[in-house]
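J.: The amino acid sequence is not available; the structure is as follows:
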């Protein structure tokens, strides 16, 4: 028993249970294909100044706004060192 008095649970097939769980797809994982490709990308400074479509080369914190092919958008924070 544990300090709280709870009996431990023994699971004999724990590996099978863990591998059966679907893992969520991670963005930018190697070898993955994007099911919803990016249609447009633009960069901004942290104060909102538009920088255009070229990735910034100077060190700093930037925002990358992506418009996907289905019209949804996502914004990523980019730290350039």
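T.: Sure thing, it's come through. All figures in this text were calculated on a predicted structure; none of them were measured in a lab.

J.: Was I right to think residue 81 contacts residue 59?
T.: Yes: contact criterion Cβ atoms under 8 Å: residue 81 and residue 59 qualify, at 5.7 Å. C-beta coordinates here come from the backbone N, C-alpha and C atoms, glycine included.

J.: okay, those two: which has more neighbours?
T.: Shown here are residue 81 and residue 59; by other Cβ atoms under 10 Å, residue 59 has more neighbours (8 against 4).

J.: Now do the more buried one, the pLDDT please.
T.: The per-residue pLDDT reported for residue 59 equals 90.

J.: these two touch, right, it and residue 78?
T.: No: Residue 59 lies out of contact with residue 78 (Cβ under 8 Å); the separation is 11.1 Å.

J.: and the end-to-end length of stretch 59-78?
T.: End-to-end distance of stretch 59-78: 10 Å, with Cα to Cα, to the nearest Å as the criterion.

J.: ok, residue 43 to residue 64 distance?
T.: For residue 43, the distance to residue 64 (Cβ to Cβ, to the nearest Å) stands at 6 Å.

J.: Need the residues touching each of the two.
T.: Taking Cβ atoms under 8 Å, 6 or more residues apart in numbering as the contact rule, residue 43 and residue 64 both touch 55, 78.
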